[in-house]
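In: predicted model follows, preceded by the sequence.
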Amino acid sequence: MHDGNYLSFLGLTELEIKVLKSIFTLAPKLKENFLLIPPEQIERADVILVNGDDPAAIRTWTELRQDNQLLASLMLTDNADLTGGDNTIQRPIRVQKLIAALENIVDSTSVDITTTNIDQGEEKSAALDILVVDDSFPVRKYMQHKLEELARFPINISFAANGEEAIHKAAQHDYGLIFLDVMMEGMDGYKVCKHIKAGRGAYVVMLTSKKSPFDKVRGTMSGCDAYVTKPPADERLAEELNKSVARRTAQFAQVAQAR
């Protein structure tokens, strides 16, 4: 049984198919999320790499989209006017750009991942909702695996790749725990923390490689509840998980009493 995404392709050249196959040796993390299947099995695909300049490939892709609303796709094209978005890649295909595009798809489909220790009859509201904010895909995947391994209670994990996305998600959802990177492109973690704390006041743990006392003071001034340096020890992650679920339980109890 495969737990990741089935990846297939339409209308690619032999060279492009070779490049597609090569990324799984260059980026082992993608093996955890994609299984490459041939076009003959394309009905099973979750993600399709499509030759956007081939009318036959576009027709087949369009038909598949009508049958599967959740189908994700990446378009390869020679037309520079069509590129620029997350779902288009201009030829010639570049390995790093393809890897980044596939990682972006993993991020967009890895929201609300539920740990295996949740009973089927248990409501989602009973789980601790966690947001992991980091611009590194490997770090996000590491945190996912570690948190699922260490949690002794139900959790749901969501992800954000930058500060702006984190602020938006935190405004839309009441997370019980947020792990927040400091050094990110665009808005840094200190500013993000201030925004989040000014809103819902979630429990925020700074997770960063910056270890100086000055950086820890900046973290405290930004309003974070804890400051954990990378790579985080299992004991520290487990401690923050336990603190957060205890805090969440107390909040639910207060709401129940108020009623």
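Out: Yep, that arrived.

In: which residues are in contact with the strand or helix carrying Thr25?
Out: In this structure, Thr25 is located in helix 14-26 according to DSSP states H and E. Contacts to helix 14-26, defined as CB atoms under 8 Å, 6 or more residues apart in numbering, come from residues 9, 12, 30-31, 34, 36, 49, 51, 76, 93, 95, 98-99, 102. Yep, even glycine has a C-beta here, placed from its N, CA and C like the rest.

In: do that again at 10 Å, thanks
Out: 7-9, 12-13, 30-31, 34-36, 38-39, 49, 51, 76, 91-96, 98-99, 102 (CB atoms under 10 Å, 6 or more residues apart in numbering).

In: same check on stretch 207-223?
Out: 132-134, 139, 143, 178-184, 188-198, 201, 204-206, 224-232, 236-237, 240.

In: in that stretch, which residues are buried?
Out: Leu207, Thr208, Lys210, Asp215, Lys216, Arg218, Gly219, Ser222 (16 or more other CB atoms under 10 Å).

In: now find how far off-centre it is within its chain.
Out: Centre-to-centre, stretch 207-223 and its host chain are 24 Å apart (CA atoms, centre = their mean, to the nearest Å).

In: just the helices in the stretch 151-259 of the chain please.
Out: For the stretch 151-259 of the chain, applying DSSP state H, counting those that start in this stretch gives helices covering 163-172, 189-198, 213-222, 234-258.

In: sorry, back to before: and after the helix holding Thr25, which helix or strand comes next?
Out: Helix 14-26 is succeeded, C-terminally, by strand 34-36 (DSSP H and E).

In: by contact count, what packs against that next one?
Out: strand 5-10, helix 14-26, helix 95-108 (3 or more CB pairs under 10 Å, 6 or more residues apart in numbering; DSSP states H and E).

In: adjacent strands (with direction) for the first one?
Out: Okay, so that is strand 5-10. Sheet pairing of strand 5-10 (DSSP bridges) gives strand 34-36 (parallel), strand 47-51 (parallel).

In: JSON lines for those strands, including mean pLDDT and distance to Phe24?
Out: Below are the strands paired with strand 5-10 laid out as JSON lines (pLDDT from 0 to 100; distance: least, CB to CB, whole Å):
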{"stretch": "strand 34-36", "mean pLDDT": "84", "distance to Phe24": "7"}
{"stretch": "strand 47-51", "mean pLDDT": "86", "distance to Phe24": "13"}
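
In: how about the strand or helix carrying Leu64: buried residues?
Out: Element membership for Leu64 (DSSP H and E) is helix 55-67. Residues of helix 55-67 classed as buried under the neighbour-count rule (16+ other CB under 10 Å) are Ala57, Ile58, Thr60, Trp61, Leu64.

In: and the very next helix or strand once past that helix, what does it pack onto?
Out: With elements assigned by DSSP H and E, the helix or strand that comes after helix 55-67 is strand 72-77. With contacts taken as 3+ CB pairs under 10 Å, 6+ apart, strand 72-77 sits against strand 5-10, strand 47-51, helix 55-67, strand 88-90, helix 95-108.

In: I'd like the ones you listed as CSV, with distance to Gln172 appended.
Out: Output for these, formatted as CSV (distance: least, CB to CB, whole Å):
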stretch, distance to Gln172
strand 5-10, 25
strand 47-51, 25
helix 55-67, 27
strand 88-90, 27
helix 95-108, 15
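
In: among the ones you listed, which comes closest to Asn156?
Out: Nearest to Asn156 among the helices and strands packed on strand 72-77 is helix 95-108; the distance by CB to CB comes to 15.5 Å.
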